[in-house]
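Undergrad: structure for the following, please:
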Amino acid sequence: MAARLDNGAIKPASSRGQKRKAKVLSAATKLFLTVGYGETSIDAIVEISGGSKATLYSYYPTKADLFRAVVDSIVTHHETPVLKSLDNVKDTLTSFAEHRLSVVFAAEHRALIRLIVAERERFPDIARMYYEQGPLQSHVMLRDYFENLIDQGLINMRSADEACEFFRGMLMHQRYIEQLYLDARPLSSEEITVKARHVVKRFLDAYHQADND
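TA: Just a heads-up that it's a prediction; the model follows:
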């Protein structure tokens, strides 16, 4: 039997059904991110993915359910590097910074952010879901790591939340604003590496006690 997920969607029992559902999700993702939620029709999704409306609705009972599934699939697609090492703080933070920059400023994610902002009043639950699974989860992970560094006397800051604010602000704030308002071009892989290393160096120069030995 097919299982029903928390968002109301159906998880097909057969591999064939799962492939069909994946095609529906892929088509919906392309259309939502390209033309927006309001301009995307179920007919257009069916035309691209194949199958029928009945099949689509058996997987996603409503268009809103499909939108939620699209957001969830993009936000949870990438695994964030584990922040645990105390032996090499510089490399650990650099890896985290490079990952966050590559995810947040990827073309697909940039389009998703604009879509969520545009539909925030109609779907506040989806905006919150994105926030909790994306920015908030990243913040909590980094905060917990900084708390560990503070407890071990490796960085000199009053609080882990303050450390997060400083680090993430240096890493992404200006580029994030440019992305929202000016449609800034994506960062190249080389630019991501340079940016991540520069931010980590500036942060550790200011607050990492071990670097002052």
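Undergrad: separation between the closest residue in space to A118 that isn't next to it in sequence and A184?
TA: Spatially, and ignoring its direct neighbours in sequence, A118 is nearest to G36 (6.5 Å; CB to CB, 6 or more residues apart in numbering). The C-beta positions use only the backbone N, C-alpha and C, and glycine is treated the same way. To A184, G36 is 20 Å away according to CB to CB, to the nearest Å.
Undergrad: where do the strands sit along the chain?
TA: 3-4, 10-11 (DSSP state E).
Undergrad: could you tell me the least trusted of these?
TA: Sorting the strands of the chain by mean pLDDT places strand 3-4 lowest, at a mean of 46.
Undergrad: pull the longest helix from the protein.
TA: In the chain, taking DSSP state H as the definition, the longest helix is helix 15-35.
Undergrad: what mean pLDDT does that one have?
TA: pLDDT averaged over helix 15-35 gives 91.
Undergrad: over to stretch 151-160?
TA: 89.
Undergrad: now what about that stretch, what contacts it?
TA: With contacts defined as CB atoms under 8 Å, 6 or more residues apart in numbering, stretch 151-160 is touched by 86, 89, 143-144, 146-147, 149-150, 163, 166, 204, 207-210.
Undergrad: with stretch 15-34 instead?
TA: 2, 10-12, 40, 44-45, 48-51, 55-56, 59-60, 66-67, 69-70, 73-74, 108, 111-112, 115.
Undergrad: name the residues of it that come out as buried.
TA: Neighbour counts over stretch 15-34 (16 or more other CB atoms under 10 Å) mark 17, 20-21, 23-25, 27-33 as buried.
Undergrad: much appreciated, bye for now.
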